[in-house]
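# Dropping a prediction and its sequence here:
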Amino acid sequence: MSQPAPAWLLVMVRGGKRCGGLGHPSLTKTRDAIKNLQLHTVCESARCPNRGACFFRGTATFMILGNICTRNCRFCAVDKGRPVAADSEEPHRLARAAANLKLDHVVVTSVTRDDLPDGGAGQFAAVIHELRQLDRPPTVEVLTPDFKGAAGSLKIVIDARPDVFGHNIETVPHLYREVRPDARYRRSLEVLEAAKLMDPALITKSGLMLGLGETEAQVHRVLQDLLQAGVDMLTIGQYLAPSLRHYPVQRYVPPEEYKHWEQIALVLGFKSVAAAPLVRSSYHAGDHYRSVVAHDGK
């Protein structure tokens, strides 16, 4: 059974939901731009606690290839089952939404599509291509599944030249069997390492959740493994169980511990670290990308 959420966390979550008000023009414009073009966002499908604040700011994380996942991760709110066929018009509609919202940094993720021969890599590449054709092309960040470790699928995405390649490690290896039964810790590390080897100039990114039952020593080991895989950017946030059917929260990590991990990660050598209870993979993604670019002097 999940632990009851502490008062300080409830205040944070409610603040994010109230941001701008449900009827605020900025929030409504973002939702309408997504809905009218028949697109999905991980913000809504995964019930992100920041979705109100992000929609208010005119940002969203697009989720391609439908909203039904072929895997059964116990932490995730996205529906599981048999997905629909890939939509060849989706990349074009996504680019239109990005243009309508005047986005300067676009984050694109997907459900896991183990049913597709390339795991959906071609759709990622098509989205990147469409965004590059805009009059004012944004920088592009992708957050992909592991493609079952298929190097050919990964190369399709890397050859499309995203500005940031992300793949989340999610939790410590000890918890994979319970939390991510269809994933493999070592395989996720290899995906990140292979992406960097394919394009050494590529900025790579990963994310980690706390509160699943990990120990401090296990988290420290994950950070070292990610660095060894060449990861540049890191996000660390609190796991929140989407429902009573999902993996239960073992611990609510107080804000000061996130500051502790942020400092450790920066000292270890990550170029950008976002760590706080409500941080998610795309949290202020454009700002953190630009900080890395400035760090590298590009």
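Done, it's in.
# which residues of the stretch 101-250 of the chain fall in helices?
Taking DSSP state H, counting those that start in this stretch as the test, the helices found in the stretch 101-250 of the chain are 121-132, 151-159, 176-179, 185-198, 216-228.
# and the ones you listed, which is most packed in?
Among those, ranked by average contacts under mean count of other Cβ atoms under 10 Å, first place goes to helix 121-132 (a mean of 22). C-betas here are computed from N, CA, C, even on glycine.
# sorry, back to before: okay, the helices of the stretch 101-250 of the chain in TSV with mean pLDDT next?
TSV is the format used below for the helices of the stretch 101-250 of the chain (pLDDT from 0 to 100):
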stretch	mean pLDDT
helix 121-132	98
helix 151-159	98
helix 176-179	96
helix 185-198	98
helix 216-228	98
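# Export those to TSV and append columns for distance to residue 167.
Below are the helices of the stretch 101-250 of the chain laid out as TSV (distance: least, Cβ to Cβ, whole Å):
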stretch	distance to residue 167
helix 121-132	12
helix 151-159	9
helix 176-179	14
helix 185-198	5
helix 216-228	10
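# So what touches the strand with the most length in the chain?
If you go by DSSP state E, the chain has its longest strand at strand 203-210. Outside strand 203-210, the residues that touch it by Cβ atoms under 8 Å, 6 or more residues apart in numbering are 75, 141, 143, 163-171, 188, 192, 195-196, 219, 222, 226, 229-239, 251, 253, 257-258, 261, 280-281, 289, 292-293.
# let's go with 6 Å and repeat that
164-166, 168-171, 192, 195-196, 226, 231-233, 235-236, 238-239, 253, 281, 292 (Cβ atoms under 6 Å, 6 or more residues apart in numbering).
# Just the mean pLDDT for that strand, thanks.
In this model, strand 203-210 has a mean pLDDT of 98.
# chain center to that strand: distance?
For strand 203-210, the separation from the chain centroid amounts to 8 Å (computed by Cα atoms, centre = their mean, to the nearest Å).
# Could you export it as CSV, CA atoms only?
What follows is strand 203-210, C-alpha atoms only, in CSV (Å, rounded to 0.1, in the frame of the first residue of the first chain):
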residue,chain,number,x,y,z
ILE,A,203,23.4,15.7,-26.1
THR,A,204,21.9,12.7,-24.3
LYS,A,205,19.5,12.7,-21.4
SER,A,206,18.0,10.3,-18.8
GLY,A,207,15.6,10.4,-15.9
LEU,A,208,15.3,8.6,-12.6
MET,A,209,12.4,8.4,-10.1
LEU,A,210,12.8,8.2,-6.3
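# Report the inter-axis angle for that strand versus helix 216-228.
Counting by axes from the mean of the first three to the mean of the last three Cα atoms, to 10 degrees, strand 203-210 lies at 170 degrees to helix 216-228.
# Report the inter-axis angle for strand 203-210 versus helix 185-198.
Orientation note: strand 203-210 sits at an angle of 160 degrees relative to helix 185-198 (the same axes, to 10 degrees).
# Give me the neighbour count for residue 147.
By the measure other Cβ atoms under 10 Å, the count of residues near residue 147 is 25.
# Then residue 234?
Counted with other Cβ under 10 Å, the neighbours of residue 234 add up to 27.
# partners of it in the sheet?
For residue 234, the beta-bridge assignment (DSSP bridges) gives partners residue 206, residue 273.
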